[in-house]
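> Sequence first, predicted coordinates after that:
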Amino acid sequence: MDARERTILESLRFDAAPTEKTLWGGRLPHLPDLNQQVYDRLRHEITALHPGMIDSPPGLVVHGEFGSGKSHIVWWARKFIAGIGGYYFNIQPDGAPETLWTRVLASMVRDLCEPMDPHQLPPTVTTQLALAVERLAKDVGLDEPARAVVSGRKRVDTEQSRSYLRAFTDGVRSRHPSRGLRNVALALALLAIDDDDANAAGWAYLHDSDDEMDSRHNWDLRPVRPASPDEVVRHLSQLLAKTGPSLFVVDQIDELVVRSAQSTESAASDGESADLAAALMTIREKLTRSITLISCLEHTWETIRSRAARSALDRFHGALRLNPIPNGDTARRLAAVFLAPQFQRLGFAPPYDTWPIPPAAFDEAAQHRPRQLIQLVGEHVRECVAAGELVPVTVFQNRRRPPDGTGTADKPEDPEASETQTRYLSHRRTLHVDGLKETSAERDLADVLTGAARALATEAGLGESTQVRDACRGAEKASIHCEITTAAKAKILIRGINTISAAHVGQRVDNARAVAAAETADSVHLFIVRTNPWKPTTRIKSVTNELAASNGVVTEISDDDLRTLRAVQLTTTSDTDEVRQWLRDTRPVSGTELGRALLKLVKPESGTPLDSSPKTPDATPPATPKLTDAPPMVAETVIPLGLNPRGEPVTIELPALRKHVAMFAASGSGKTVLLRRIIEECALRGVSTIVLDPNNDLARLGDAWPSNPDGWWPGDEERSLDYLKNTDVVVWTPGVSRGNPLTLQPFPDFTAVRDDPDDLRLAIETAVASLAPRARIDAENHQADGRRAVLRVTLREFARRGGGDLGQLIELLREPSDEVLAALPSADRHATYVASALAYARSNDPLFDGEGVHFDPDRLLAPANGYRARVSVINLAGIPDENRPAFVNRLQMALFTWIKRHPARDKPLSGLFIMDEAQTFIPSGRNTPCTESTRNLASQARKYGLGLVYATQAPRGIDSRITGNAATHVYGRVVVPPHVGAVNDMARARGDEPPPISQLTAGRFYVSLEGHPLTQTTVPMCLSHHGPPLEEGEISERARSKRRQP
């Protein structure tokens, strides 16, 4: 590989997940015959939306796994409907059925104002809104001058605007007598014309805001308030239907549907889940000449189906499933169409279209998801770059997966599989277990548990001396569900519990204990099998303690295990020789948590060894591995995370930190110890770290232990001395002048990126996202849009001039150039407002541009003379909680330009950036000042060699777009049910069995490394003193001691 080829490989990008902007007007590699049946169906349904329609056809559902192409389908559908003159709307519900129509309306107004792909529209029309008003105006007979004004193409004085608008509304009235519909048409025109006051009135009317009441009256909007949001949606859809078909996409709903489904603490919340599912499926009712498309994960669709009424389901056609890549040829062609535009952009003619991967290598790439394939191609490219030559392709062989994407309990179907195996797989794939977990379904759960016990007896080779009996005897509220009598005449009693009510749990357990106490057998064991987590109330704690004292245990059964047991029950309804042999061969129950627990109490009489059961994470944490010998030495580019149950080291390569680590663990799990150990191991290898310290518990990273702690590995005493001697730990205290203060520029260093158009655009967008809240122009209205546009254009000119500080930007806004004034209407007025707002923010917030060391990543990452690495602890105690995301935003923007100047060309990492309590900076469901900068930094980190670690106590509370792209996941103890569910969902999405995280103890984690199965790990104690959090005065004193250090 010569220098030119190496440069080409380094320039290739493998961002396989489309962004929202890409969905609107970007270009994506497209392979029509991959899931062609889905495209054909969409094309047929959309083209059937003829002009005379007065309603809308049933909607469509497209579902698949993560990375299967759902966003690609949405991109294609948007492009297709725009190409035939239609409209596109992306609906984003917030999870509450009562606000659904408000969200639909807000989404429609937002998307109407979005710029469209210019080549699909007349050159003078730039938005869906302008196109719709232009067409409506033509439909009602307005001439070209009038159409130019009401669609916003031409600006005239206010009186002329009023005259043309009256002609427009008169024309609408002649065809549509409804006053509500005429008002909505007028509001659309007010939003479209080139007049700020009119725009504000139209926007306020459509959103039913309390603003602009007088202005609405002056523009003839009477009554000044519209009808309900669903009626406004209905009128909007009727108007748009006159000019073209519409596509409504309901996307990004997976998290809110799962969250809603998990809220089963009361009948009311369960009803809300059903209401939401039904509401999502009845959007069609208010629409005209429109098709509704739901795009979601497979388990999301299953949840919607299980909770929506049949009448709601009838409003949708059957679901369309996105399949994995079927064969090697399709994989090769997909890689080729992904690489081709990049090679063209770089002016490079590759030896073959999939270079550097030979075409034949793709024979091993079947059954991957499209995004996974692109990521694996990118991984191979990085391996070639790291080696300095074209290396053999191994990424496909190392990532083989079952075609259905399920866990270890579901094997891919064998063409020669028995009829019983085929029947079992069919049941397991199509089952919905939510209904089995309802309080009213405990009788059904009893049947499942009894069937599982009988199957287990067959699997383990137990003879007739072991008896399994259905203890319900048809009763709905039996005290015991199943009874097993072993060969040794011991009794095992099983009671399943679905309810989460503490009182009802206590009653059921007490009744079961009474039955157990009345047994005359020498040995009695009581198993309580729960399907839902219990809250740790006083009553629950008392019940579990009494149960343990009477030789009873509680076993929690996962959804995956419940699906397995239910499928076994349905498969084994007939007791034939074939079924019994299938059970002995496949042993499905033996691989579940319940099966393993029961096997410990029953003894096989012959045949099958007990350790041949399928391997899944053990719910009982193993004993800490013995550490009599030091673990094997690890390479300098590898850091140890801990030891697996066999005492072997679990390691992560330093370059893997470029692909991000996401850590999910509650307080008290050992998360901080693991974070510290990662920082320390990186420092021992010469990698400097910047770590956010929101809890005052990381400032001791430079302190020695007063005595050797428990949990150190042999040799850690020497490693600790090495770390402390050669690591330069500096504490920074933004907002605290008596410590080591630090201030940040509110935008990146543009000089580092101005020669790269893509990076410059990314830097400008990041700066706009940072400055808009400080200038109070982050609202979603026409006026704020105009002011952000002026700021964006000014920043572009600012960057071309070489950048500078905030004061220079304010001066440029106060005196905008002719280019800025010519580019945008009302630019002078908007620029003056933004300049004043930034000046006020600068004066009011010392951290915005105040005293202290102005941020230079070199200063935070470059160690002082004589040290191997620097650890910069940025203590956030001096920054109010609400201002912390803005500070982190500025930190990330500076890092963004720094990594451009300091790429890790000859080393695995240029540095490490750690965000502890990341959910407070990048929460799920809403944007903060640092949401966009976090995403942008993550998108560039892999290319330039910055390691990233996100740690959170709230798996469901953090932005899933960021953690979902992390190559390494670490799961510690989590006990809050919604967060447990979130971790389970993430594990399944990565092809792992959900780990029993609620039963972990401090210092034990499950680690999911890219390309490796989930592994339980016991982490060592950190090398520096992990004491209680320091007081603010102590932190300031430590920070001040390093203040003058370069």
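Arrived safely.
> Just give the nearest non-adjacent residue to Met986, would you?
His969 (6.3 Å; C-beta to C-beta, 6 or more residues apart in numbering). Every residue, glycine included, has its C-beta placed from N, CA and C.
> who's in contact with the one you found?
Contacts for His969 were tallied using C-beta atoms under 8 Å, 6 or more residues apart in numbering; they are 661-664, 963, 986-987, 990, 1007-1008.
> Restricting the selection to alpha carbons, write the strand or helix carrying it to PDB.
Per DSSP states H and E: His969 is located in strand 968-971. Extracted C-alpha coordinates of strand 968-971, given in PDB (Å, rounded to 0.1, in the frame of the first residue of the first chain):
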ATOM      1  CA  THR A 968     -18.300  -1.400  23.900                       C
ATOM      2  CA  HIS A 969     -21.000  -1.600  26.500                       C
ATOM      3  CA  VAL A 970     -20.400  -2.200  30.200                       C
ATOM      4  CA  TYR A 971     -23.400  -3.100  32.500                       C
END
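> Can you tell me the strand partners of that strand and which way each runs?
strand 661-664 (parallel), strand 1004-1008 (antiparallel) (DSSP bridges).
> Tell me which other helices or strands the helix or strand containing Ala763 touches.
Using DSSP H and E, the element containing Ala763 is helix 757-774. When contacts are defined as 3 or more C-beta pairs under 8 Å, 6 or more residues apart in numbering; DSSP states H and E, helix 757-774 sits against helix 782-800, helix 827-844, helix 884-901, helix 931-944.
> Name the stretch among the ones you listed that sits most buried.
helix 884-901 (a mean of 24; mean count of other C-beta atoms under 10 Å).
> Now do that helix and helix 757-774, the angle between them.
160 degrees (axes from the mean of the first three to the mean of the last three C-alpha atoms, to 10 degrees).
> Of the helices and strands packed on helix 757-774, which is nearest Val729?
Closest approach to Val729 among those is made by helix 884-901 (18.2 Å; C-beta to C-beta).
> Just the CA trace of the next helix or strand along the chain from that closest one, in CSV.
Downstream of helix 884-901, the first helix or strand assigned by DSSP H and E is strand 911-915. Extracted as CSV, the C-alpha positions of strand 911-915 are listed here (Å, rounded to 0.1, in the frame of the first residue of the first chain):
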residue,chain,number,x,y,z
GLY,A,911,-6.3,11.4,24.3
LEU,A,912,-9.3,10.2,26.3
PHE,A,913,-12.4,12.2,27.2
ILE,A,914,-14.7,10.9,29.9
MET,A,915,-18.2,12.1,30.7
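> now for strand 911-915, which elements pack on it?
helix 671-684, strand 689-693, helix 884-901, strand 946-952.
> how about 6 Å then?
Where contact means 3 or more C-beta pairs under 6 Å, 6 or more residues apart in numbering; DSSP states H and E, strand 911-915 is packed against strand 689-693, strand 946-952.
> Out of those strands, which is closest to Lys1042?
strand 689-693 (14.5 Å).
> Could you pull up the residues touching the residue of the chain most remote from its centre?
Largest separation from the mean C-alpha position in the chain: Thr520, at 54.2 Å (C-alpha atoms, centre = their mean). Not one residue lies near Thr520 by C-beta atoms under 6 Å, 6 or more residues apart in numbering.
> ditto for the one 10 residues further on
For Arg530, the residues meeting the contact criterion (C-beta under 6 Å, 6+ apart) are 497, 556.
> hang on, the earlier thing: the helices and strands packed on strand 911-915: which one's closest to Arg428?
strand 946-952 (32.4 Å).
> Now the element after that closest one, going C-ward?
Following strand 946-952 in sequence order, the next helix or strand is helix 960-963 (DSSP H and E).
> and that next one, which residues are buried?
Buried positions in helix 960-963, judged by neighbour count with 16 or more other C-beta atoms under 10 Å: 960-963.
> which residue ranges form the helices in the stretch 351-500 of the chain?
Counting by DSSP state H, counting those that start in this stretch, the stretch 351-500 of the chain has these helices, from start to end: 370-387, 419-430, 442-459.
> For Ile84, find the nearest of the helices and strands packed on strand 911-915.
Here strand 946-952 is closest among these (C-beta to C-beta), at 42.5 Å.
> quick check: mean pLDDT across the closest one?
Per-region confidence: strand 946-952 scores 95 on mean pLDDT.
> What is it packed up against?
For strand 946-952, the packing partners by 3+ C-beta pairs under 6 Å, 6+ apart are strand 661-664, strand 911-915.
> can you tell which of those is closest to Thr394?
Comparing the helices and strands packed on strand 946-952 by C-beta to C-beta, strand 661-664 comes nearest, at 22.9 Å.
> Figure out how far that closest one is from the centre of its chain.
12 Å (C-alpha atoms, centre = their mean, to the nearest Å).
> And for stretch 331-350?
From the chain centre to the centre of stretch 331-350 is a distance of 29 Å (C-alpha atoms, centre = their mean).
> Which positions in it come out as buried?
For stretch 331-350, the buried set under the neighbour-count rule, 16+ other C-beta under 10 Å, comprises 331-336, 338-339, 343, 348.
> How about stretch 422-435?
Buried residues in stretch 422-435, counted by 16+ other C-beta under 10 Å: 423-425, 427-428, 431, 433-434.
> Pull out the buried positions in stretch 642-651.
Neighbour-count burial for stretch 642-651 [16+ other C-beta under 10 Å]: 642-645, 649-651.
> Then stretch 1004-1011?
1004-1010.
> ok, back up a step: which one of the helices and strands packed on helix 757-774 lies closest to His368?
The nearest among the helices and strands packed on helix 757-774, by C-beta to C-beta, is helix 931-944 at 19.7 Å.
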